[in-house]
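In: Quick one: sequence plus predicted model below, questions after.
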Amino acid sequence: MLSYLHGFHAGNFADVHKHLIFALVLEHLLKKDKPMAVIDVYAGSGFYDLGDARAKKTGEADSGIAALPDTAWPEAAAPYREVVRRAAAHHWPPRFYPGSPQIAADLTRSKDRLVFNELHPREYEALKARFASDSRVHVHHRDALESLVALVPPPEKRGLVLIDPSYEVKDEYRTVPEALAKAEERWPTGTFLLWYPLLAGGAHHPFVQTVERQTNGPLLQTEFCVRPPGAGMYGSGMMILNPPWTLAGSLESLRGWFGQLQGPGGLLRVREVRGQ
Ligand SMILES: C[S@@+](CC[C@H](N)C(=O)[O-])C[C@H]1O[C@@H](n2cnc3c(N)ncnc32)[C@H](O)[C@@H]1O
């Protein structure tokens with residue numbers, strides 16, 4: 001039973017952390033002329049209205065994207081800024097916010113191929129409708145972890161996979177690393193971005209260790225904590241397998257910018273788990 005709907009959380013601090021990294025990795029891959037594949041196995045509906053009832057109910061974007069100023073974004077955040085401003089039609093604070101599929105569609109070229117997967121029936125329908133006229137986009141309605149393994153390696157042999165589970169099912173802390181390990185075995189040169197929440201229960205600690213143990217390629221970890229551990233999600237984590245060599249430096253340079261979203265006790269961590 002899928003009850004998670006990203007519309008309640010779109011544009012929150014975790015989306016800022018995750019989508020900024022996603023845009024930086026895309027930008028790096030786009031430097032090469034060859035076509036690439038972008039595979040988003042937990043895609044959501046693709047685009048969000050921050051003025052609708054879901055977003056207003058939680059108000060999470062208010063301490064995320066809407067808390068950032070319109071101007072003076074650092075150069076390293078430029079690709080993310082571009083897609084966010086485009087979705088917002090240059091109004092600030094933004095009324096509309098791009099999900100990961102929209103970010104991928106906006107940043108890539110006509111020769112790239114985009115595969116978006118979503119299991120929730122209504123989210124899937126919204127996603128399919130949104131990209132119906134984009135011939136680069138292939139929308140799937142299947143289980144994310146099954147598709148993660150089945151869809152790699154893509155024919156292009158270049159590209160990335162975003163793995164952004166909702167962690168509604170406890171078992172995902174075991175099944176996600178397992179599927180990632182299988183996908184890496186099938187596509188050792190692919191870049192994989194795996195998001196996870198930082199919650200007071202600490203389930204992410206063994207999860208991160210499992211990912212470290214079960215994968216082989218260069219691995220970067222970043223965690224963005226907005227407050228000390230307490231009730232609810234206090235931070236956003238991302239593990240990047242086969243990261244661009246420039247990513248750690250770009251994130252380090254954005255430490256001060258991320259600081260705008262932190263309360264006391266907040267912190268951006270960047271850790272090279274295994275080098276290139
Ligand atoms: C965190 S949201 C994705 C947000 C999106 N990646 C973004 O950044 O805009 C997770 C999505 O995964 C979907 N989902 C949950 N379990 C799934 C599964 N087993 N297979 C495919 N999709 C699933 C949920 O319906 C939800 O839309």
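Out: Yes, it's here. Residues are numbered from 1 along each chain as shown.

In: Distance check, the residue in the stretch 51-200 of the chain that the ligand sits nearest to against L50.
Out: Going by Cβ to the nearest ligand atom, the ligand is nearest to G99 of the stretch 51-200 of the chain, at 2.9 Å. (Glycine included, C-beta is placed from N, CA and C.) Using Cβ to Cβ, to the nearest Å, we find G99 at a distance of 12 Å from L50.

In: and what of W73?
Out: 19 Å.

In: Pick out whichever of those two has more residues nearby.
Out: Using other Cβ atoms under 10 Å, the more surrounded residue of W73 and L50 is L50, with 24 against 17.

In: Quick check: closest non-adjacent residue to that one.
Out: Leaving out its chain neighbours, the residue that sits closest to L50 by Cβ to Cβ, 6 or more residues apart in numbering is A61, at 4.8 Å.

In: Strands of the stretch 101-250 of the chain, start to end?
Out: 113-117, 137-140, 159-163, 191-199, 219-225, 233-241 (DSSP state E, counting those that start in this stretch).

In: For those strands, please prepare CSV with the additional fields distance to the ligand, mean neighbour count and mean pLDDT.
Out: Converted to CSV, the strands of the stretch 101-250 of the chain look like this (distance: least, Cβ to the nearest ligand atom, whole Å; neighbours: other Cβ atoms under 10 Å; pLDDT from 0 to 100):
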stretch, distance to the ligand, mean neighbour count, mean pLDDT
strand 113-117, 6, 23, 98
strand 137-140, 9, 20, 98
strand 159-163, 6, 25, 98
strand 191-199, 7, 21, 98
strand 219-225, 15, 22, 97
strand 233-241, 11, 23, 97
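
In: Could you look up the SS state of H19?
Out: helix (DSSP: H, G, I helix; E, B strand; the rest coil).

In: mind listing what it touches?
Out: 80, 83-84, 98, 100, 103 (Cβ atoms under 8 Å, 6 or more residues apart in numbering).

In: Which members of those residues are positioned in strands?
Out: P98 (DSSP state E).

In: ok, of the contacts of H19, which one's closest to L251?
Out: For these, the minimum distance to L251 (Cβ to Cβ) is 11.9 Å, reached by Y80.

In: Brilliant, that's me finished.
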